[in-house]
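>>> coordinates only, sequence not included:
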């Protein structure tokens, strides 16, 4: 048996299109938005969360927000930061570029240990929100004897 030329197994023309990852990303974003609904966050501010010996420190970039537009909730070992940046109603005929996020956001973080809810403090300066979250006391260590 000889091998002849390979013949295609289809009789329809193949159309190639240039791959556009941005278009695919926007389509995926729209599909996720339809699944989640209208309560989906409008943007997500970047956050750093780190730990010192006495507390956890959370910093979030929220330029353009006032203190009244930020809401912080603390409970046991969880912290939630919410807010909303109102889209400015600029009188214009057409936007050419919109890159700054707007709308509602919500970020929740579970911390590795309990916190002192009554002593959580927050400061908003130059668009940087800093939340200081003191650790709960009583973190005693003990040696366990193996029997």
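Perfect, I can see it now. Everything quoted here is computed from the prediction, not taken from an experiment. Residues are numbered from 1 along each chain as shown.
>>> and the nearest residue to residue 75 once chain neighbours are set aside, how far is that from residue 23?
Excluding the flanking residues, the one nearest residue 75 by CB to CB, 6 or more residues apart in numbering is residue 117, at 6.2 Å. From N, CA and C alone the C-beta is placed, and that goes for glycine too. As for residue 117, its distance to residue 23 is 46 Å (criterion: CB to CB, to the nearest Å).
>>> And residue 91, by the same measure?
According to CB to CB, residue 91 stands 31 Å off from residue 23.
>>> These two: which is more packed in?
Neighbour comparison, residue 91 and residue 23: the larger count goes to residue 23, with 10 against 4 (by other CB atoms under 10 Å).
>>> Could you tell me whether the more buried one really is in a helix?
Yes: the assignment for residue 23 is a helix, going by DSSP: H, G, I helix; E, B strand; the rest coil.
>>> Give the burial count for residue 78, as a bare number.
Neighbours of residue 78 under the rule other CB under 10 Å: 14.
>>> Oh, that last question was meant for residue 132, not what I typed.
16.
>>> That one - nearest residue in space that isn't next to it in sequence?
Nearest-residue entry for residue 132: residue 121, 5.0 Å, with adjacent residues in sequence omitted and distances by CB to CB, 6+ apart.
>>> Which residue, neighbours along the chain excluded, lies closest to residue 73?
residue 80 (4.4 Å).
>>> That neighbour in helix, strand or coil?
strand.
>>> Remind me which helix or strand the nearest residue to residue 116 once chain neighbours are set aside belongs to.
The shortest distance from residue 116 to any non-neighbouring residue, by CB to CB, 6+ apart, is to residue 134 (4.3 Å). Following DSSP states H and E, one finds residue 134 within strand 128-134.
>>> go on, residue 107?
Assessed by DSSP H and E, residue 107 sits inside strand 103-110.
>>> hang on, the earlier thing: report the buried residues of the strand holding residue 134.
Buried residues in strand 128-134, counted by 16 or more other CB atoms under 10 Å: 129, 131-134.
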